[in-house]
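K.L.:
here you go, sequence then predicted model.
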2 protein chains.
Amino acid sequence: MDGQKTQCGLDVSLSVIGGKWKPLVLYHLRDGPTRFSEIKRRVGGISEKVLIQQLRELVAMNVLVRHDHQQVPPVVDYALTPFGETLVQALVPLCEWGNQNRAQVAGTLQRSSKVAGGPS
Amino acid sequence: MDGQKTQCGLDVSLSVIGGKWKPLVLYHLRDGPTRFSEIKRRVGGISEKVLIQQLRELVAMNVLVRHDHQQVPPVVDYALTPFGETLVQALVPLCEWGNQNRAQVAGTLQRSSKVAGGPS
DNA sequence: GGTAGAACCTACCAAAAGGTAAGTGCGAGG
DNA sequence: CCTCGCACTTACCTTTTGGTAGGTTCTACC
């Protein structure tokens, strides 16, 4: 299988950022090390379980580092690694594309999923 | 909700290319209009159901156009729209990132999911 | 003492996504 | 006539993903 060598590399990237919240987390981490509860607050709407899960995956991929301050009550923060920053850089154009076409995409999504009883 | 305005736009992009095979499909369509069975062959490993499904979604998002030659037996091809091409452009950096870090990512994936009985 | 908050973990569930297998209409080739 | 390939569709099943609800350990605060 995979007779064609490399395909497009997007599969690789998506295996790293392919979670419902990963892009958002990465986005919010650009401002520097952030504590768990702070990330949770900033992202908003994510459950703790999932946030931890995705954070762990990103750490496992060397995109983030976890810094445990060894205190009690617990103080832990997460930050982008240099590797993670290269990823964030590569993400920027897609990010901008998304922002530029947000309306169009949103509109199209609605049209297709919504009312079939439109212009009868 | 979504007190913070725009987040990073990645959520938008991912809502368009967020399918297991969409990036690959897009990649293979850069060469110009391609017939359904040809795409299937090139992508390899995808089931017809899923391919059609993703193709339809991409068409619905105006990323692709479907051209039915109105023949029998059926002849249909798919091609990128101008809009689709802007997306593909935005995808390039991520694509390259993936290629450059393919080995590292693949390696890390293995380490984390595999044998815990490592270097005893 | 009771409560709140930190950063988690655990079990259980529901929804979504993907995959398999079969069937459709039809013409060309054996 | 039987089969193959085209571009699909449909029903069903499995895997993955995300979400909910609870618990844990410990300190600071009232």
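P.N.:
Cool, the structure landed.
K.L.:
can we go C-alpha only for contacts and neighbour counts from here?
P.N.:
Fine.
K.L.:
which SS class is residue A:67?
P.N.:
Following DSSP: H, G, I helix; E, B strand; the rest coil, we place residue A:67 in the strand state.
K.L.:
can you count the residues close to the residue in chain A that DNA strand C sits nearest to?
P.N.:
Using Cα to the nearest atom of the strand, residue A:37 is the residue of chain A that sits closest to DNA strand C, at 3.4 Å. The number of residues packed near residue A:37 is 14, by other Cα atoms under 10 Å in any protein chain shown.
K.L.:
what helix or strand is it on?
P.N.:
Following DSSP states H and E, the helix or strand that holds residue A:37 is helix A:36-43.
K.L.:
by contact count, what packs against the helix or strand just after that helix?
P.N.:
Downstream of helix A:36-43, the next assigned helix or strand under DSSP H and E is helix A:48-60. Applying 3 or more Cα pairs under 8 Å, 6 or more residues apart in numbering or on different chains; DSSP states H and E, we find helix A:48-60 packed against strand A:64-68.
K.L.:
quick one: work out the angle between the strand it packs on and helix A:36-43.
P.N.:
Using axes from the mean of the first three to the mean of the last three Cα atoms, to 10 degrees, one finds that strand A:64-68 and helix A:36-43 are set 130 degrees apart in direction.
K.L.:
residues contacting strand A:64-68, please?
P.N.:
Here strand A:64-68 makes contact (Cα atoms under 8 Å, 6 or more residues apart in numbering or on different chains) with A:55, A:58-59, A:74-81, A:84.
K.L.:
what comes up buried for it?
P.N.:
Residues of strand A:64-68 classed as buried under the neighbour-count rule (16 or more other Cα atoms under 10 Å in any protein chain shown) are A:64-66.
K.L.:
good, we can wrap up now.
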